[in-house]
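S.K.: need the 3D shape of this:
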Amino acid sequence: MKELSRSQTIILITFLVTIWGISWPIYKIALEYTPPLLFSGLRTFIGGMLLIVVFWSKRKEIRWKESWPIYLISSLFNIALFYGLQTVGMMHTPAGLFSVIVYLQPVLVGIMAWLWLGESMTRLKIAGLIIGILGVAAVSAGGLSGHIAALGIVLAFITSLSWAIGTIYVKKVSLRVDSIWLVAFQCTFGGIALTSVGSVTEKWSDIVWNEHLIFGLLFGIILGISTSWVVYFKLVSSGDASKVASYTFLVPLISVASGVIFLNESFSIYLLVGLVLIGVSIYLVNRKPKSSLSRPLESFRAL
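M.R.: Sure, this is the predicted structure:
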């Protein structure tokens, strides 16, 4: 996998966190007119099919015989479990608390990448990941009230864990599979699973086809699912998984800020505090080693 230049990386990361960040208020509006699992299933399935149609001329790179297990495993962790558990879990837990737990993902990715991919783990990186979680917690503080069920907390953690495992898995197999076809088939298979479950547990007749739903669906299909996952996997495949994951701390920040701008949601000091903490977090995780604080923790990995 060819490494990206610094400018390419910055452009792709900016695109990714912006799209994922603004998707939350867009989906929030769309979900007023559709059952959640059917909405998740439709946008992932159609997003995957769109990629298949657009890149069908390069179908030789699919290498189905040797790659189909990779497509299935990735669809399980990155789509079916991630989106399915997220949809169900948010019914049992306040959105703010749920997002804090889900965004343990960069921390889990950092630990897994250290243990299984041989990426460096330093004291500064550990500090940065912890500060990032505190930043997400600050941004989400407004949603930390309300009914909290143990089931919701468990589902949020499993959601985070499945996303982290999916990210590490993709990084590990990145040289064996084409990233575009990986996204295409993970979305298609995952979308089929979500739509099937939604068809059993929800009603198609509850979908209200209006401009808000159609816009949310089209945004998800084109940008929120197909394009953004291709960008995410390209970044993960070409660099440190833990460093790329650290930038996803920005997603809930952009999400809350988008809610303030487009949905007239209230602004609070927590947003500013979260911005500072997340900025510090990303700096520490991506800072090049210069001191004893940045010394790799090899002794711990050997335990």
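
S.K.: next, give phi and psi for Lys203.
M.R.: Main-chain dihedrals, Lys203, degrees, to the nearest 10: phi -120, psi 130.

S.K.: and the closest residue to it other than its chain neighbours, what pLDDT?
M.R.: What sits nearest to Lys203 in space, not counting adjacent residues and going by Cβ to Cβ, 6 or more residues apart in numbering, is Pro35, at 6.7 Å. No exception for glycine: its C-beta is placed from N, CA and C like everyone else's. As predicted, Pro35 sits at a pLDDT of 93.

S.K.: mind listing what Pro35 touches?
M.R.: With contacts defined as Cβ atoms under 8 Å, 6 or more residues apart in numbering, the neighbours of Pro35 are 198, 202-203, 206-207.

S.K.: of the residues you listed, closest to Asn286?
M.R.: Gly198 (38.7 Å; Cβ to Cβ).

S.K.: how close does that closest one get to Thr167?
M.R.: 25 Å (Cβ to Cβ, to the nearest Å).

S.K.: higher neighbour count, the two?
M.R.: Neighbour count, other Cβ atoms under 10 Å: between Gly198 and Thr167, Thr167 has more, with 27 against 22.

S.K.: for that one, what are its contacts?
M.R.: Contacts here follow Cβ under 8 Å, 6+ apart; on that basis Thr167 touches 78, 105, 109, 236, 241, 245.

S.K.: and if we set it to 6 Å?
M.R.: Applying Cβ atoms under 6 Å, 6 or more residues apart in numbering to Thr167 gives the contacts 109, 236, 241.

S.K.: which one in those is the model shakiest on?
M.R.: The member of those with the lowest pLDDT is Ala241, at 80.

S.K.: run a quick neighbour tally on that residue.
M.R.: By the criterion of other Cβ under 10 Å, Ala241 has 26 neighbours.

S.K.: tell me which helix or strand of this protein sits lowest on mean pLDDT?
M.R.: helix 298-301 (a mean of 44; mean pLDDT, DSSP states H and E).

S.K.: how much space is there between Ala141 and Leu104?
M.R.: 16 Å.

S.K.: if you could redo that for Ala257, that was the one I meant.
M.R.: Remark: distance between Ala257 and Leu104 (Cβ to Cβ) = 21 Å.

S.K.: quick one: low-confidence parts of this protein?
M.R.: 1-2, 94-97, 140, 142-148, 263, 265-267, 288-303 (pLDDT under 70).

S.K.: residues near Asp206, how many?
M.R.: Neighbour count of Asp206, defined by other Cβ under 10 Å: 10.

S.K.: got phi/psi on the spatially closest residue to it that is not a sequence neighbour?
M.R.: Excluding the flanking residues, the one nearest Asp206 by Cβ to Cβ, 6+ apart is Pro35, at 5.3 Å. The phi and psi values for Pro35, taken as degrees, to the nearest 10, are phi -60, psi 140.
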